[in-house]
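Chemist: Okay, structure incoming, though there's no sequence with it:
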């Protein structure tokens, strides 16, 4: 199993500002992902954080709005830029150890409120 | 349209009772079907993972079934406890190049009442 530490756990931010969320894993993992969970909605994949290269973004998400870093196999950050109230959501980091029918582990999430 | 649909949206049961949650999926190419439990303010935690060749899988009081022909799955909770109060999310693992993509349902919110 993988233990994921995600922080901050919650934050209230002013519109127009940016917030960086950190995800630390207790072991080296191949794949790291960032999800958004809007109120009453399912988890939606924002992007795959690739170690040593640019993140791969899903349709509807762009690097300028959600820049991602992955400097090594145990750490990643997601920045929510130029925030608006529509960005209020829970953001979750997830990891899988290897390709195949394997466990996906999730951080506890960051509850973001933009005012 | 969400490719993983769950029912009911919410459910209240008395402690000690059993319940069954439903999931219909249309995602392809299918790789596996997962059930997760998400407590309020926490990330999802895996309960079961089933490939198309598996009909049932248990994890303690949780038993998941899968019918790959009808693309339906269910999660049965036996002898419910107060700690079972949470959202239960059905997730379809889609075969993809390079890594497996997960498609999440919106969840069933379960409240176990004393």
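Modeler: Done, it's in. Because the structure is a prediction, the values reported are computed rather than measured.
Chemist: Can you show me the strands along chain B?
Modeler: Along chain B, counting by DSSP state E, strands occupy B:4-7, B:10-14, B:19-25, B:30-38, B:45-51, B:56-59, B:62-67, B:72-77, B:86-94, B:101-104, B:108-113.
Chemist: Wait, residue B:76 touches residue B:19, no?
Modeler: Yes. In terms of C-beta atoms under 8 Å, residue B:76 counts as a neighbour of residue B:19; the distance is 7.4 Å. All C-beta spots, glycine's among them, are computed from the backbone N, C-alpha and C.
Chemist: okay, those two: which has more neighbours?
Modeler: Using other C-beta atoms under 10 Å in any protein chain shown, the more surrounded residue of residue B:76 and residue B:19 is residue B:19, with 19 against 15.
Chemist: Identify the residues contacting residue B:75.
Modeler: Contact analysis of residue B:75 by C-beta atoms under 8 Å, 6 or more residues apart in numbering or on different chains lists B:20, B:21, B:23, B:35, B:47, B:48, B:62, B:63, B:64, B:88, B:90.
Chemist: does the third one have beta-bridge partners, and which?
Modeler: To tie it back to what came earlier, the one meant is residue B:23. Beta bridges link residue B:23 to residue B:6, residue B:73 when assigned by DSSP bridges.
Chemist: Give me the residues contacting stretch B:20-28.
Modeler: The contact list for stretch B:20-28 (C-beta under 8 Å, 6+ apart) reads B:3-8, B:11, B:33, B:35, B:71-77, B:88, B:90, B:92, B:94, B:103, B:105, B:108, B:110.
Chemist: Listing partners with orientation, what would you give for the worst-scoring helix or strand of chain A on mean pLDDT?
Modeler: When each helix and strand of chain A is scored by mean pLDDT, DSSP states H and E, strand A:104-106 comes last, with a mean of 90. Next to strand A:104-106 in the sheet, as set by DSSP bridges, lie strand A:89-96 (antiparallel).
Chemist: can I assume residue A:11 is in contact with residue A:17?
Modeler: No. Counting by C-beta under 8 Å, residue A:11 does not reach residue A:17; the two are 10.1 Å apart.
Chemist: Smallest gap between chain B and chain A, at which residue?
Modeler: Using C-beta to the nearest C-beta, the single residue of chain B nearest to chain A is residue B:43, 3.2 Å away.
Chemist: And that residue, what's its pLDDT?
Modeler: Predicted confidence (pLDDT) at residue B:43: the value is 91.
Chemist: and residue A:11 and residue A:17? which has more neighbours close in?
Modeler: When residue A:11 and residue A:17 are compared for neighbours, residue A:11 comes out ahead with 14 against 11, by other C-beta under 10 Å.
Chemist: That one should be in a strand, yeah?
Modeler: Yes. The assignment for residue A:11 is a strand, going by DSSP: H, G, I helix; E, B strand; the rest coil.
Chemist: Which residues does it form beta bridges with?
Modeler: residue A:112.
Chemist: Need the residues that contact the lowest-mean-pLDDT helix or strand in chain B.
Modeler: Ranking every helix and strand in chain B by mean pLDDT, DSSP H and E puts strand B:101-104 at the bottom, with a mean of 87. By C-beta under 8 Å, 6+ apart, the list of residues contacting strand B:101-104 from outside reads A:42-45, A:104, B:3-4, B:25, B:27, B:34, B:89-94.
Chemist: rerun that using 6 Å as the cut-off
Modeler: Strand B:101-104 is contacted from outside by A:42, A:43, B:3, B:4, B:27, B:89, B:91, B:92, B:93, B:94, using C-beta atoms under 6 Å, 6 or more residues apart in numbering or on different chains.
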